[in-house]
Structure formats: C-alpha cells, structure tokens
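Engineer: need a structure here:
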Amino acid sequence: MAEQQIVALPCWSGAVTLKELGGGITNRNYVVDDGDRRFVARQCSPLPHLGIHRSNEVACQRLAAELGFAPAIHYFEDSILVSDFVQSETLTAEAIRDASLLVRLAKTLRRLHDAWDQLEGELIYFSPLQTVRTYAATARRLGALLPEDIDEAIDQAARLMHGVSPFTPALCHNDLLAENILDAGDRLWLVDWEYAGIGNPLFDLANASGNSQFTEEQEQIFLTAYRGECIDSDLRDLRILKTISLLREALWAYIQTKKSDLEFDYEKYASENLNAYHEARQTL
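Structural biologist: The predicted structure follows:
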C-alpha cells in the first residue's frame, strides 16, 4: 500500500523505483530513484499517541534544512514525507562514542541551538517531563503492561526536574538515536524530526548520551566541546535530563507494544531503557 502511494505521488519527474530501508522503529522508509535524483520517502501517518504532529515535524525540518542541519523536504502530503537523499554513513552508538565524533556532534548541536534567535513559525514546545507523564497515561489507556514502580519513577523524575537550571529555549531535535545522525564527511546531518520542537538544548545532549550509552568521561568530553568548558551545574543538568530521556524512551516503547505493527522487540527495548534509567538515577 505504501509503495503504491509513493509511486503515485505527483512530485516525480518520471518513472521511479524504490527500495525499503530497514531499521526504522516508528515508520517505514524507502529510497526512491527518480531518474538521476534520489530521495528518501517515509510513510508517516499521524501518530498523536506518540506526540507526533506531522505539521510540526515538517515545520521543524524545513527550518533545520534552511540552517543546514537537515535534508530539504521535496514533497509532503498527509501520510508521506519525501526528503532529499544525503550520501552519507548512518552512525552507530559505538561510532558516536569515539572522541572525535563526540566533538563533531557537540559542535553541530551547538550551532543548531545557537540559531534560536533566527527562528520563525509556530513550533511545538517540547517538555520531557510532560512527555513522560503523557506517555504513561497513554500506555495505561492502551492496556500496556507497565512496571509496578512506574509511578514512583515518574515522581522521582518530577523531583529531579526541579533541580534543572533555567535555559534559553532553542530548536531541539529531541530524538538523537545514532540512526538519526548521518556522517557525510564534511558535516553531520540530523534526520527524523518527528519529536522536534522548542525546548531545553541540554536535553539533546542528554538524549544522545542516554541513547548511545556515554560513559561519564564521554559526557564530559561532549559537554566541553559543546560549551567550551565542563561546568559542574551543566553536567548535573545533563545527567538529570538523561534519566528523564531514558524513562521517556521506555514509556514510548510500552506504547508501541500496543500500537506498532513493525517487527521490533518493543518489550525488550522498554526493559533495557528502564534498567538504564534506574542505573542513571543511582549515579545522581
């Protein structure tokens, strides 16, 4: 069905061929060849239960593309998003943990966040704690089997968030899985802007750390490259936000156990992130 819909889009200049890309855990993605041009098409139905609003995603990606951080959008309609193809290498968590890559990613994020005073448009405000609470309520409504201590974990997260320092809101990606970072050699590209919005810049760093399992030393390298120095209060904020990020990721997966038809072990993913949350929480 998705393949037929993509082929029938009015944005192509001639006959197209497409091949499904593996690895996605939210949507189905395809590489599309249209003559001598190549694109990535994604089936992206509305997913309000995950907090995904496609108009916001498109607005954020277009802004990021204008700033040079995301592929340009070639075409969009209700459930299909077509972006320019970027010749690059998709990163892995292991690759990101390399010191030189940590520095490159930190500098990329700093440039993105520093563009806050150039932004225009109606963008969603992203609050990680609000997302955690909403995901928990959604998971319960859907009948997902949540851990017995999930309410305690959410209460802990709320108490921790009271200790986070004030910040200047910026455009943030908010979903920095390794697979969403592409290395084109001369620059890093960020893809999949589904959860993007205006928020706390340090959450992007915390999210990357949690998703790719940075060590404490790697977090210090990362933050130093981002700030120019490693301030204790910033490091504590990053580590608090990392716990929230891991809890959010676990709750996201619990929702997906009830809603997704993709072949992926969401129960295992939820358990891994919840265990990582408890480990990160104990270090604070």
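Engineer: Give me the three-state assignment for Ala206.
Structural biologist: Assigned by DSSP: H, G, I helix; E, B strand; the rest coil, the conformation of Ala206 is helix.
Engineer: so is the most centrally placed residue in the chain in a helix, a strand, or just coil?
Structural biologist: Geometric centre of the chain, nearest residue: Asp175, 1.1 Å, by C-alpha atoms, centre = their mean. Secondary structure state of Asp175, per three-state DSSP, is coil.
Engineer: Contacts only, for it.
Structural biologist: Contact partners of Asp175, counting by C-beta atoms under 8 Å, 6 or more residues apart in numbering, are Asp192, Trp193, Glu194, Tyr195, Ala196, Asn207. (Each C-beta comes from the backbone N, C-alpha and C, glycine too.)
Engineer: Could you check how far it is from Cys60?
Structural biologist: Using C-beta to C-beta, to the nearest Å, one gets 11 Å for the distance from Asp175 to Cys60.
Engineer: Find the residue closest to Asp161 in space, skipping its chain neighbours.
Structural biologist: For the record, residue 161 is Met, not Asp. Nearest residue to Met161, sequence neighbours excluded (C-beta to C-beta, 6 or more residues apart in numbering): Leu129, at 5.0 Å.
Engineer: Next up, the contacts around the one you found.
Structural biologist: Applying C-beta under 8 Å, 6+ apart, the residues contacting Leu129 are Ala157, Ala158, Met161, Ile244.
Engineer: and of these, the nearest to Gln218?
Structural biologist: Ile244 (19.0 Å; C-beta to C-beta).
Engineer: ok, now which ones touch that closest one?
Structural biologist: Counting by C-beta under 8 Å, 6+ apart, Ile244 touches Pro128, Leu129, Val132, Ala157, Leu160, Met161, Phe203, Ala206.
Engineer: Tell me which of these fall in helices.
Structural biologist: Members of the contacts of Ile244 lying in helices (criterion: DSSP state H): Pro128, Leu129, Val132, Ala157, Leu160, Met161, Phe203, Ala206.
Engineer: so Val86 touches Ala184, yeah?
Structural biologist: Yes - look at Val86 against Ala184 with C-beta atoms under 8 Å: they come within range, at 5.9 Å.
Engineer: Looking at the two, which one has more neighbours?
Structural biologist: Val86 (16 against 11; other C-beta atoms under 10 Å).
Engineer: pLDDT value on the more buried one, please?
Structural biologist: The score at Val86 is 95. That number is its pLDDT.
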